[in-house]
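Trainee: coords please:
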Amino acid sequence: MRWSYNLERSEAVATWLFAVAALVMAMVVVGGATRLTGSGLSITEWRPVTGALPPLSDQAWIAEFQKYQRIPQYEFVNRGMTLAAFKSIYWWEWAHRLLGRLVGVVFALPFVVFLVTRTIPRRMIWRCAVILLLGAAQGAVGWWMVASGLADRVSVAPERLATHLGLALIIFCACVWNGLEAWWGKARLGYGLPGGWRAFGLVLAAFVLVQSLLGALVAGNAAGLVYNDWPLMNGQVFPRDYAAAGQGLWRTLLHSQAAVQFNHRIGAYLLFFVAWVFAASAQRARLPGPVRALAWMFALAVTAQAVLGIATLMSLVPLSLGLAHQIGAVLVLTVAVALAWRIRRPA
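Mentor: Presented below is the predicted three-dimensional model:
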C-alpha cells in the first residue's frame, strides 16, 4: 500500500504525539520539583548544546558552584551551602533542562521522518510545525524566566514562571488534541453538537488553563506558605492585605501573596461549580454517551484536584503533595481537552 500526505488518519502519528505529550507532562512535573526544591537558579548559564553534559570533574563542579555563589539566592538564602548540597539542587535543574532537550529531539526527528516518508496527514503538517516552533520558543522563555532571578531577586519572577508553564501546557494540549485527531480522523461537518456546546467545551479547557496559570502565580510568590487555613484566609473571607499599600493593580495581581492565593481559590470554586453544572446539563440533554462520560469524569477530576489543593495548602506544601497537585492539574487539563475534542465528534 502506498502511503501519502492524503492520509485521513495515522495511528503512528497519533502515538508519536501522545508520547511527546507524556514527555511534556514529565517535564512539567520535574519543573515543579525544581521549583519546590529551590533548584531552578542552580545553573546560571544558558548553553543549549554544551549544557547537555553535567560537570564531569571536581574542578568543573567547583566552577559551577562559584558561579552560583555570585547570585542573590546564594547570598541571601543559601549562604554557607556545601558543595554536596549544591549538587543536589543542580541535578534537579539539569534533569529539567535535559528533559526539554529530549522533548525537542523526540518531536523533531520523527516529524522529519514522517515528512520524508509522506506518512503524516497533510492537514497536520502545519500544526506540527507550529508545535515545533513553540517548543523552540519554550527554551528561550525558560532562560528568560531563569534570568529574572540572577540579578535582583532570590527567585524567578512569578509572571515569567506562569508564562513558562503556560507555554508548556499549550504545547501539551496541542499534542493531545492533534493526537486524538490523528487517531480518529478530522471532524465531519454536521456531526458535532450545536455550536453552544462546542464553544462551551473549549471554554472549559481554557478555564482549566487559566486556573493552572493562577496556580503558577501562587507557586512563584510562595503564596502556598501563607494563609494555610481553609475555607477562610487567616480567619477572613477576604484578606485585608489583598493589595499592599502603594501597589498598583498589575503588581497586586502578580505579586501580592494574598491576592494570588485568593484568586486561585475563587478560580477553583468557579471551576468546581461550572464542571458539575456542565455534567448535569449534559446528562439532562442526553448528549451522546461518551460525551456524558467525559463530562462526569471532568467533574470528578476537578473535585479530586480541589480536595488535593486544600490538603496541600493546609499541610504547608510538602514536596509529595505539591507534585501531586501539579500532576492533578495536568490530568484535569487532559480530560478537559478530550471533552472539548469529543464534543465536536459525537458520532
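Trainee: burial of Val335, as a residue count?
Mentor: Neighbour count for Val335, taken as other Cβ atoms under 10 Å: 21. (Glycine included, C-beta is placed from N, CA and C.)
Trainee: what packs against the helix or strand hosting it?
Mentor: Using DSSP states H and E, the secondary-structure element containing Val335 is helix 319-343. On a contact count with 3 or more Cβ pairs under 8 Å, 6 or more residues apart in numbering; DSSP states H and E, helix 319-343 meets helix 11-36, helix 158-184, helix 195-220, helix 289-314.
Trainee: and Leu333, what is it in contact with?
Mentor: Residues in contact with Leu333 (Cβ atoms under 8 Å, 6 or more residues apart in numbering) are 169, 172-173, 205, 208-209, 212.
Trainee: out of those, which is most surrounded?
Mentor: In these, the most neighbours by other Cβ under 10 Å go to Val208, 28 neighbours.
Trainee: what number of residues lie near Thr312?
Mentor: 21.
Trainee: Which residue, neighbours along the chain excluded, lies closest to it?
Mentor: Once flanking residues are discounted, Thr312 sits nearest to Leu321: 4.2 Å by Cβ to Cβ, 6 or more residues apart in numbering.
Trainee: ok, now Leu339?
Mentor: In space, Leu339 comes closest to Leu294 once its chain neighbours are excluded; the distance is 4.3 Å by Cβ to Cβ, 6+ apart.
Trainee: Can you lay out the contacts of Leu333 as a markdown table showing distance to Ile125 and pLDDT?
Mentor: Output for the contacts of Leu333, formatted as a markdown table (distance: Cβ to Cβ, whole Å; pLDDT from 0 to 100):
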| residue | distance to Ile125 | pLDDT |
| --- | --- | --- |
| Leu169 | 23 | 98 |
| Phe172 | 20 | 98 |
| Cys173 | 19 | 98 |
| Ala205 | 24 | 96 |
| Val208 | 28 | 98 |
| Leu209 | 25 | 98 |
| Ser212 | 29 | 97 |
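Trainee: Among the residues you listed, which one lies nearest to Ala182?
Mentor: Nearest to Ala182 among the contacts of Leu333, counting by Cβ to Cβ, is Cys173 at 14.7 Å.
Trainee: The residue nearest to the closest one when sequence neighbours are not counted: what's it in contact with?
Mentor: Distances taken as Cβ to Cβ, 6+ apart place Val337 nearest to Cys173, at 5.1 Å, with adjacent residues excluded. Shown in contact with Val337 (Cβ under 8 Å, 6+ apart): 173, 176-177, 205.
Trainee: what's the answer for Met145, then?
Mentor: Counting by Cβ under 8 Å, 6+ apart, Met145 makes contact with 156-157, 160-161, 163-164.
Trainee: tell me the domain ranges of the chain?
Mentor: 1-186, 190-347 (automatic domain parsing).
Trainee: if we can go back for a sec, can you give me the buried ones in the helix holding Val335?
Mentor: By 16 or more other Cβ atoms under 10 Å, the buried positions in helix 319-343 come out as 321-330, 332-343.
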